[in-house]
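Q: Sequence and predicted structure, then a few things I'm wondering about:
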Amino acid sequence: MTTTTKVYVAQLARLYVFDPNGDRVGRARDVVVALRLGSVPPRVLGLLVEIAGRRRIFVPIGRVNGIDSSAVRLGTGMLNLRRFEQRAGETLVLGELIDRSVTLDDNLARGIVVDAAMELTRGNEWLLTRLGVQETGRLGRRRGRVRQLAWDEVTGLALVEHGQSTETLLASMRGLNRADLAAELMDLPNKRRQEVAESLDDDSLADVLEELPELDQVYILGRLTDERAADVLEAMDPDDAADLLGELPASEQQRLLALMLPNEAEPVRQLLAYSEDTAGGIMTSEPVILAPDSTVAEALARLRDPELTPALATQVYVCRPPSATPTGRFLGLAHVQRLLREPPSTLVSGIVDDNVEPITPQAPLTQVTRYLARYNLVAAPVVDEQNRLVGAVSVDDVLDHLLPKGWREQATDG
């Protein structure tokens, strides 16, 4: 392995990290540096490495044996696997220096830091020696080529607060699925995390909140304006919105529900009426519901909706009108596997499975779990005393509530 003596951090991030035996440890995600007084280049303290379970650990730079364009190799397999906690005096290059505004000493123009390079000195010490800077115009818009400048050729890094534009950080997160985006958000400092959250559109922020631990959901929602918070709650699945509102005091629940559109707030209100340890408390009120005269083609088209979870996309619920919960009389299920075997013009009423007994909203979680196992289902219909469908409980909802509180954060930790 040929060791590189100059490494650009944007290229370093996401490289695989290997131990001395060639076994993969994880991926490099960021570089931790110590800023120093004046124009002295920051000293590299170590790497932020993501290991199994998305836990991020700190690897001292002294344990790095070499870096090339494809990998980081460690000189030891002995690592501290505790989750990284940023200390006073530590700065994350990608998380906090990139996107910072600086002044270029040669022409006093303003610029934005878009990359940084670390170099191995003759004293075998890694320093953050160079910055990739793109000049900005009067209105702060980026223009022109990226200039490679020595650390001491720019000023302003030590004086600017960390609350910078999140454009570059958001761009680096583009394309991540909702769970990975939530994990990335969890690893940011609180202030930067809130900035990124507030920069997401309502649908994206709703998706991320559904993947975060309860305390983080409450923290982020509580720092939005009431109007924005209501918009985000409307974009969430009703059961997830109800779970989040259930963590808030009753007065805040009612205030936010009053700001939501009535047709969006009503299913959430219905779910809040049930105890959280029952089928009603964890069900979604928006499964795929069809009238008995609907065709197989219509059913499959509904199941192709990319907004559906995999569990809810496995079956449709056939009910008498109305088709919004609470529906008319529940007639039974139509499984996707059966739908795929039938001609598109077949009516779903002709292939409905009416041998599966639905559960009631008051059914405890233990009963719901046994029900799913008994019938080999990944979602179960929930009906009221009038045999009207009021929702469906999916297996992911059950697991979410059977696991201990804070399990999402523990999963991130590994």
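A: Structure's in. What do you need?
Q: which residue is nearest the middle of this structure?
A: Computing the C-alpha centroid of the chain and ranking residues by CA atoms, centre = their mean puts residue 182 first, at 2.1 Å.
Q: okay, that one: pLDDT?
A: Residue 182 carries a pLDDT score of 83 in this model.
Q: Name the nearest residue to it, ignoring sequence neighbours.
A: Leaving aside its chain neighbours, residue 182 sits nearest to residue 211 (3.7 Å; criterion: CB to CB, 6 or more residues apart in numbering). (Glycine included, C-beta is placed from N, CA and C.)
Q: returning to that earlier point: element containing the residue nearest to the centre of the chain?
A: When elements are assigned from DSSP states H and E, residue 182 belongs to helix 178-186.
Q: Show me which positions of that helix end up buried.
A: 179, 181-186 (16 or more other CB atoms under 10 Å).
Q: ditto for stretch 45-55
A: Residues 45-51, 54-55 are the ones in stretch 45-55 that count as buried (16+ other CB under 10 Å).
Q: Can I get that stretch in CSV? Just the C-alpha atoms.
A: The C-alpha atoms that make up stretch 45-55 are tabulated as CSV, following Å, rounded to 0.1, in the frame of the first residue of the first chain:
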residue,chain,number,x,y,z
LEU,A,45,-6.6,14.5,16.1
GLY,A,46,-8.2,11.5,14.5
LEU,A,47,-10.9,10.1,12.2
LEU,A,48,-14.6,9.7,12.8
VAL,A,49,-15.3,6.1,11.7
GLU,A,50,-18.7,4.5,11.3
ILE,A,51,-18.8,0.9,12.3
ALA,A,52,-21.5,-1.8,12.3
GLY,A,53,-24.9,-0.5,13.4
ARG,A,54,-24.0,3.1,12.3
ARG,A,55,-22.2,3.8,15.5
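Q: what residues go with each domain of the protein?
A: As given by automatic domain parsing, the domain ranges for the chain are 6-84, 94-155, 167-273, 289-401.
Q: Now do the third one: distance to the chain's middle.
A: Taking the mean of its C-alpha atoms, domain 167-273 sits 11 Å from the chain's own mean (CA atoms, centre = their mean, to the nearest Å).
Q: Am I right that residue 135 is in a strand?
A: Yes - when DSSP: H, G, I helix; E, B strand; the rest coil is applied, residue 135 is found to be in a strand.
Q: burial measure for it, as a count.
A: Residues contacting residue 135 under the criterion other CB atoms under 10 Å number 17.
Q: ok, now which ones touch residue 259?
A: Residue 259 makes contact with 226-227, 229-230 under the criterion CB atoms under 8 Å, 6 or more residues apart in numbering.
Q: distance of it from residue 252?
A: Distance of residue 259 to residue 252, given as CB to CB, to the nearest Å: 11 Å.
Q: how long is stretch 13-28 end to end?
A: Chord length of stretch 13-28, first to last residue, is 5 Å (CA to CA, to the nearest Å).
Q: and stretch 251-260, which residues are buried?
A: So stretch 251-260, judged by 16+ other CB under 10 Å, has buried residues 252-253, 256-257, 259-260.
Q: Then stretch 84-92?
A: Of all the residues in stretch 84-92, those buried under the rule 16+ other CB under 10 Å are 84, 86, 90-92.
Q: Please flag which of the residues you listed sit within strands.
A: Members of the buried residues of stretch 84-92 lying in strands (criterion: DSSP state E): 91-92.
Q: is it possible to export the buried residues of stretch 84-92 to JSON lines including distance to residue 378?
A: Output for the buried residues of stretch 84-92, formatted as JSON lines (distance: CB to CB, whole Å):
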{"residue": "84", "distance to residue 378": "36"}
{"residue": "86", "distance to residue 378": "40"}
{"residue": "90", "distance to residue 378": "44"}
{"residue": "91", "distance to residue 378": "46"}
{"residue": "92", "distance to residue 378": "40"}
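Q: What segments of the stretch 201-350 of the chain are strands?
A: Ranges of strands in the stretch 201-350 of the chain, per DSSP state E, counting those that start in this stretch, are 289-290, 315-319, 330-335.
Q: can you tell which of the ones you listed is closest to residue 205?
A: Residue 205 lies closest to strand 289-290 among those, at 27.4 Å (CB to CB).
Q: Relative to that closest one, what are the paired strands and their orientations?
A: Sheet pairing of strand 289-290 (DSSP bridges) gives strand 315-319 (parallel).
Q: OK, contacts around the residue lying closest to residue 253 once chain neighbours are set aside?
A: Once flanking residues are discounted, residue 253 sits nearest to residue 245: 4.8 Å by CB to CB, 6+ apart. By CB under 8 Å, 6+ apart, residue 245 lies in contact with 233, 252-253, 256-257, 268, 272.
Q: now swap in residue 128 and tell me
A: 31, 33, 41-44, 93, 116-118, 151.
Q: Equivalent analysis for residue 339, please.
A: By CB under 8 Å, 6+ apart, the contact list for residue 339 reads 296, 299-300, 303, 316, 348, 351.
Q: at 6 Å instead, please
A: Going by CB atoms under 6 Å, 6 or more residues apart in numbering, residue 339 touches 296, 299-300.
Q: Could you do residue 302 as well?
A: Counting by CB under 6 Å, 6+ apart, residue 302 touches residue 288.
Q: 7 Å instead?
A: Listed by CB atoms under 7 Å, 6 or more residues apart in numbering, the contact partners of residue 302 are 288, 316.
Q: In the stretch 151-300 of the chain, where is pLDDT below threshold?
A: Low-confidence segments of the stretch 151-300 of the chain (pLDDT under 70): 158-175, 187.
Q: ranges for the helices of it?
A: Using DSSP state H, counting those that start in this stretch, the helices found in the stretch 151-300 of the chain span residues 167-173, 178-186, 190-199, 202-211, 214-222, 226-235, 238-245, 250-259, 262-272, 279-282, 296-303.
Q: got those helices as TSV, with distance to residue 14 columns?
A: Shown next, in TSV, are these (distance: least, CB to CB, whole Å):
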stretch	distance to residue 14
helix 167-173	10
helix 178-186	12
helix 190-199	18
helix 202-211	20
helix 214-222	24
helix 226-235	30
helix 238-245	30
helix 250-259	38
helix 262-272	38
helix 279-282	36
helix 296-303	35
